[in-house]
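Student: Mind looking at a prediction? Sequence and model below.
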Amino acid sequence: MAYRPKSRTGFWTEKFHKNRVRDRQRKRELLHSGWRVLIVWECAVRGRPDHAALTVERARRWLRSESTEGEIGTHP
């Protein structure tokens, strides 16, 4: 989950909820249109030069797979 500001908590809770709903809908639309969807989270790449090669390798494996959807988040 993204950082949640301590002020205006109601606003941020609703905003994050709407973002998740919107993202799920867009993903469904893309899949329904025949696209494959790979989500790469910012936390997998930002400020992590030591993980760059691993992120690229995971994306490469996914691209060569038959999977229609995937997700790359933080690395173990």
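Tutor: The structure has been received and is ready for your questions.
Student: on contacts alone, who are the packing partners of the lowest-mean-pLDDT helix or strand in the chain?
Tutor: Lowest on mean pLDDT, DSSP states H and E among the helices and strands of the chain sits helix 52-64, with a mean of 92. In terms of contacts (3 or more CB pairs under 8 Å, 6 or more residues apart in numbering; DSSP states H and E), helix 52-64 is packed against strand 37-40, strand 69-72. C-beta here means a position set from N, CA and C on the backbone, and glycine is covered the same way.
Student: Could you dump those strands into JSON lines with mean pLDDT and mean neighbour count added?
Tutor: What follows is these, written out as JSON lines (pLDDT from 0 to 100; neighbours: other CB atoms under 10 Å):
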{"stretch": "strand 37-40", "mean pLDDT": "96", "mean neighbour count": "14"}
{"stretch": "strand 69-72", "mean pLDDT": "94", "mean neighbour count": "15"}
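Student: Select the longest helix from this structure.
Tutor: helix 9-32 (DSSP state H).
Student: Convert that helix to PDB, retaining C-alpha atoms only.
Tutor: C-alpha atoms of helix 9-32 as PDB (Å, rounded to 0.1, in the frame of the first residue of the first chain):
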ATOM      1  CA  THR A   9      -7.400  10.700   6.100                       C
ATOM      2  CA  GLY A  10     -10.900  10.400   4.700                       C
ATOM      3  CA  PHE A  11      -9.900  12.000   1.500                       C
ATOM      4  CA  TRP A  12      -6.800   9.800   1.000                       C
ATOM      5  CA  THR A  13      -8.700   6.600   1.900                       C
ATOM      6  CA  GLU A  14     -11.400   7.400  -0.700                       C
ATOM      7  CA  LYS A  15      -8.700   8.400  -3.300                       C
ATOM      8  CA  PHE A  16      -6.800   5.200  -2.900                       C
ATOM      9  CA  HIS A  17     -10.000   3.100  -3.000                       C
ATOM     10  CA  LYS A  18     -11.000   4.800  -6.200                       C
ATOM     11  CA  ASN A  19      -7.600   4.300  -7.700                       C
ATOM     12  CA  ARG A  20      -7.700   0.600  -7.000                       C
ATOM     13  CA  VAL A  21     -11.200   0.300  -8.500                       C
ATOM     14  CA  ARG A  22     -10.100   2.300 -11.600                       C
ATOM     15  CA  ASP A  23      -6.900   0.200 -12.000                       C
ATOM     16  CA  ARG A  24      -8.900  -3.100 -11.800                       C
ATOM     17  CA  GLN A  25     -11.300  -1.800 -14.400                       C
ATOM     18  CA  ARG A  26      -8.600  -0.700 -16.800                       C
ATOM     19  CA  LYS A  27      -6.800  -4.000 -16.400                       C
ATOM     20  CA  ARG A  28     -10.000  -5.900 -17.200                       C
ATOM     21  CA  GLU A  29     -10.500  -3.800 -20.300                       C
ATOM     22  CA  LEU A  30      -7.000  -4.400 -21.500                       C
ATOM     23  CA  LEU A  31      -7.300  -8.100 -21.000                       C
ATOM     24  CA  HIS A  32     -10.700  -8.200 -22.600                       C
END
